[in-house]
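Chemist: Return a 3D structure for these sequence lines:
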Amino acid sequence: MIKSVYIINNIPCTQYRFSPRHISAESAMIRLYNGWTRAAPYESLRVADIGDVNVNLFDLKDTCKKIQEAYREIVATGCIPLTLGGDHIIAYPILQAVAERHGPVGLIHVDAHADTSGMILGEKIGHGTPFRSCVDEGLLDCKRVIQIGLRGSGIYNKTYTVYTFIYCSFQGFRVVEAVECWHKSLVPLMEEVRSQMGTGPVYLSFDIDSLDPAFAPGTGTPEIAGLTPIQGLEIIRGCRGLNLVGCDLVEVSPPYDTTGNTALTVANLIFEMMCVLPKVKYY
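Modeler: Residues are numbered from 1 along each chain as shown. I've put the predicted structure just below:
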């Protein structure tokens, strides 16, 4: 029985503009069923790829406006969007639209970087600022925000320094740095996350640079000593039972990975996200 309608959207942007087509190509070998979790999303949901959201490559503010307007129409129909980026700024206008319908949402943010800078290269809107903007506009339920996999070197203008973690903690976020994830399963962590998120609406935002570049080199801001694909699966599968109202997977840049392995990994992660959406049938 078809219970709900869910939509997958593609948003090309600058160096990431080839991402959606490469991920779609690598998805050709993904089957209908999840052999491990026994999820059968295509028997439970109506799934459609509605193509690209039109963006303005010369005006980032206008791009955000266009994305917000597009998603306002999408979520108004009751669809749960799964989005292929695009850089991480797209999470900001998407969450604007999602919060209009659901109110402030919980956030599971998987990333090498906190993306809570107040300014990046002199601009308030950029791929390092989306979640600061979300906090400023009250789009997030800050007590239900967790960031997993943060790491990396810092730069002098405080974009990725200890100040970032102080800001996140001050807002009430739970921060799990990558070093805390080394050599361990994240299943216990996700048990805690499910308790933290409760029954309220939750958005999952997954930056592919959260994974170690040995597994996913096709990204613009790689950082060593990251998560493994297995841990990525544990995080996503650990979202089963949550009230997910949207997901994204961003920052894939195929030109940096001639093997295609990054896009292949992402295609499978997106499928796993589909498998944990509400109302999915399990065998």
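Chemist: The residue nearest to residue 19 when sequence neighbours are not counted: how many residues sit nearby?
Modeler: With sequence-adjacent residues excluded and distances taken as C-beta to C-beta, 6 or more residues apart in numbering, residue 19 is closest to residue 252, at 4.1 Å. Backbone N, C-alpha and C define where each C-beta goes, glycine included. Around residue 252 there are 30 other residues, counting by other C-beta atoms under 10 Å.
Chemist: right, and residue 252 touches residue 21 too?
Modeler: No. Applying C-beta atoms under 8 Å, one finds residue 252 not in contact with residue 21, separated by 10.8 Å.
Chemist: hmm, back to that, ok, now how distant is the residue nearest to residue 19 from residue 174?
Modeler: Distance of residue 252 to residue 174, given as C-beta to C-beta, to the nearest Å: 26 Å.
Chemist: Who are the contact partners of the residue nearest to residue 19?
Modeler: Residues counted as contacts of residue 252 (C-beta atoms under 8 Å, 6 or more residues apart in numbering) are 16, 19, 22-23, 84-85, 208, 218-219, 262-263, 266.
Chemist: Counting only helices, which of those residues make the cut?
Modeler: Taking DSSP state H as the definition of helices, these contribute 19, 22-23, 262-263, 266.
Chemist: Show me how far stretch 53-72 is from its chain's centre.
Modeler: Taking the mean C-alpha point of stretch 53-72 and that of its whole chain, the gap between them comes to 18 Å (C-alpha atoms, centre = their mean, to the nearest Å).
Chemist: Just the buried residues of it, please?
Modeler: 53, 55, 60, 63-64, 66-68, 70-72 (16 or more other C-beta atoms under 10 Å).
Chemist: Include pLDDT and secondary structure when you put those residues into CSV, please.
Modeler: Shown next, in CSV, are the buried residues of stretch 53-72 (pLDDT from 0 to 100; DSSP: H, G, I helix; E, B strand; the rest coil):
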residue, pLDDT, secondary structure
53, 91, coil
55, 88, coil
60, 91, helix
63, 94, helix
64, 95, helix
66, 96, helix
67, 96, helix
68, 97, helix
70, 96, helix
71, 97, helix
72, 97, helix
